[in-house]
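Colleague: Generate a structure from the sequence data that follows.
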Amino acid sequence: MKPATLLAALVATTLALLAVGGAVGSRGWEPLWSAHGAAEAILWDIRLPRSLGAWIAGALLGLAGALAQGLFRNPLADPYLLGSATGAALGVAVMLVLTGSMPGAASGLVGGLGLTGAGFVGAMAAVALTLVLAKGVQHTLRLLLAGVIVGMVFGAFAALAMFWQPEVMRTMQAFLLGTTGFIGWAAVAVLAVVLVPVLAGAVVASRALDALALGELTAMSLGVALGPVRLVFVVFIALATAASVAHVGLIAFIGLIAPHIVRARVKPTHRWLLPLATLTGGVLLLAADVLSRWLLAPRELPVGVLTAVLGGGYLLWLMHRRPA
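Modeller: Reported below is the predicted structural model:
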């Protein structure tokens, strides 16, 4: 399949899923043309921003996953390697403790920050600490090890916060399992503001990832400045992951699987891989979100659980297909 053909198919699938997402509510399938009065308000104020926000959050994870796999030259790399996920979890836990498990109860800076802001600050703090421990971005192995350590420490502190104030566990559980239920138009705008420049910058710098795929020595011989390039891509990964996690919580497997699905259909350079993985991540999370609302309506499955089950099943199928 040609990259342009896959691109067109992903765009068409996205539009179809957005229409389906607008028609799926707490009572199951409700055709768009039947939305009048209160139903119309629900469509424009709840379902459409939720569906569009889910797509953008998934797109950010797909983009971050493709960047991480290209930067670390590891097909098992995912967006959470730098500790951003547990950093976001710690930020949310601290916010809930400070507000007494009621995010809107506090005033001033803490009250205005909200769970989304707290998650973003926590994720960026974790990545910054990872960079400090790794002494920059010169050595990818040291960076990975620092990310693992920071992830474990921040995860332990998040668990300690929940142990200290058990009433925050219900809200933290929704965050840890992943949910798109709190996305509104403001969140859609924030996610889009992050996605557009990060994707554009990544595509512009994509030739450096192609060079890195040939090895660091080869990349250096081709004129790639490894230090600045790594720093730029780490910042892109951190921004994309932090924005997504802060709005939808911890969503498993999207960032890991999206690039694999693209590579299974085409053999693109990173100039094509990055936008295709972005679209694929958006399609995957939006499809999972629609299913999570539809399968047990009026009850709703946590979307992170659904992506973990489907993503894990896909990886097991890949392992079964390929000989040892």
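
Colleague: Tell me which helix or strand Pro298 sits in.
Modeller: Using DSSP states H and E, Pro298 maps to neither a helix nor a strand.

Colleague: And for it, the neighbour number?
Modeller: When neighbours are defined as other CB atoms under 10 Å, Pro298 has 9 of them. C-beta here means a position set from N, CA and C on the backbone, and glycine is covered the same way.

Colleague: do the same with Gly313
Modeller: The number of residues packed around Gly313, counting by other CB under 10 Å, is 11.

Colleague: Tell me the buried residues in the helix or strand harbouring it?
Modeller: Using DSSP H and E, the element containing Gly313 is helix 303-321. Neighbour-count burial for helix 303-321, counted by 16 or more other CB atoms under 10 Å, picks out Val303, Gly304, Leu306, Thr307, Ala308, Leu310, Gly311, Tyr314.

Colleague: The fourth one reaches Leu284, doesn't it?
Modeller: Yes. At 7.2 Å, Thr307 and Leu284 qualify as touching, with contact defined as CB atoms under 8 Å.

Colleague: Need the overlap of contacts for the two.
Modeller: Overlap of the contact sets of Thr307 and Leu284 (by CB atoms under 8 Å, 6 or more residues apart in numbering) consists of Ile254.

Colleague: need the contact list for Ala249.
Modeller: Careful, residue 249 is Gly; it's not Ala. Ala174, Phe175, Leu176, Leu177, Gly178, Thr179, Gly304.

Colleague: quick one: the closest residue to Ser51 other than its chain neighbours from Thr5, how far?
Modeller: Counting by CB to CB, 6 or more residues apart in numbering, Gly21 is the residue found nearest to Ser51 once chain neighbours are left out, at 3.1 Å. Using CB to CB, to the nearest Å, Gly21 is found at 24 Å from Thr5.

Colleague: any idea of the pLDDT on Val110?
Modeller: With respect to pLDDT, Val110 has a value of 44.

Colleague: whoops, Val232 was the one
Modeller: In this model, Val232 is scored at 90, pLDDT.

Colleague: likewise Gly37?
Modeller: pLDDT at Gly37 comes out at 57.

Colleague: picking up where we left off before, could you check which of Gly21 and Thr5 has the larger neighbour count?
Modeller: Gly21 (23 against 11).

Colleague: I'd like to know which helix or strand in this structure has the lowest mean pLDDT.
Modeller: The weakest-scoring helix or strand in the chain, judged by mean pLDDT, DSSP states H and E, is strand 28-29 (a mean of 61).

Colleague: Check what contacts stretch 162-181 and list those residues.
Modeller: Contacts for stretch 162-181 (CB under 8 Å, 6+ apart): 50, 53-54, 57, 89, 92-93, 96-97, 100-101, 103, 115, 119, 158, 161, 248-252, 285, 289, 300, 302-305, 307.

Colleague: Please verify my assumption that Arg265 contacts Met1.
Modeller: Yes. Counting by CB under 8 Å, Met1 is a contact partner of Arg265 at 5.0 Å.

Colleague: more crowded one of those two?
Modeller: Arg265 (16 against 10).

Colleague: Tell me the spacing between that one and Val11.
Modeller: 15 Å.
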